[in-house]
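Engineer: this one's structure only:
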């Protein structure tokens, strides 16, 4: 019996530069990644220029300002994006989840620090071959534009979250983001009962949301007490009713913000 693609990737995570024999068509992020709109012949071209790298939790992927000669899609795991200010303070500015894109064609320096939060596997492409393929393959250019615009929308929503939402709304919003992402990987709409695994510890959530650890723990406990979420182990969360969670986050049924 043939191993599924995720198992094949995990069996080869020990080497950072291993060439993993996983077809693009079988990839677990096939319909979320930059190659989502590619046809079979275009996937064949990508097969010829891709390679995999893996990183353990806590290991840096790239440092801000470093020369970056590749771009990549996150296949499994979670990475954090941080910015270091002149006085040495560091602010978390984003997360990379499965399907998200790391790096920018045409930019040879990393804009942020990228660090593996969990074990991370990247599907990588050398910058120059990828840029050439973008010029020849409208599907890749169009998909990358879509992802860039989605990232812009997410950044604007995050500004609102950090600036205007209460601590309870911030926690609920974070869970909504994870739930929507998990549903999108399965080509589903988040609705009704859901079970998911949070990608961050409570300490990391506190840093990401601009809260204290005590506040995060208190608000998670309050959401559980009020029946908005159920907890299963350290990271698993059950959502009895996704619509109710969106209400707690200040979102309407379409995913937009309530006036």
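Structural biologist: That came through fine. Keep in mind that what you see is a predicted model, and the values were worked out from it rather than measured.

Engineer: So for stretch 141-151, what gets flagged as buried?
Structural biologist: Within stretch 141-151, the residues that count as buried by 16 or more other C-beta atoms under 10 Å are 141, 143-144, 147. Where C-beta positions appear, they are placed from N, C-alpha and C, glycine not excepted.

Engineer: How far off centre is it?
Structural biologist: Relative to its parent chain, stretch 141-151 has a centroid offset of 14 Å by C-alpha atoms, centre = their mean, to the nearest Å.

Engineer: do stretch 70-77 as well
Structural biologist: From the chain centre to the centre of stretch 70-77 is a distance of 9 Å (C-alpha atoms, centre = their mean).

Engineer: avg pLDDT for that stretch?
Structural biologist: Across stretch 70-77, the average pLDDT comes to 93.

Engineer: residue ranges of the helices in the stretch 1-150 of the chain, please?
Structural biologist: 5-10, 40-49, 127-136, 138-164 (DSSP state H, counting those that start in this stretch).

Engineer: Return the per-residue confidence for residue 4.
Structural biologist: Residue 4 is given a pLDDT of 45.

Engineer: I'd like the numbering to begin with 38 instead of 1 from here.
Structural biologist: Sounds good: first residue 38 from here, last item residue 41.

Engineer: what is the closest residue to residue 133 other than its chain neighbours paired to in the beta sheet?
Structural biologist: Of all residues not flanking residue 133 in the chain, residue 116 sits nearest, at 4.2 Å (C-beta to C-beta, 6 or more residues apart in numbering). Applying DSSP bridges to residue 116 yields these beta-bridge partners: residue 133, residue 153.

Engineer: That'll do, ta.
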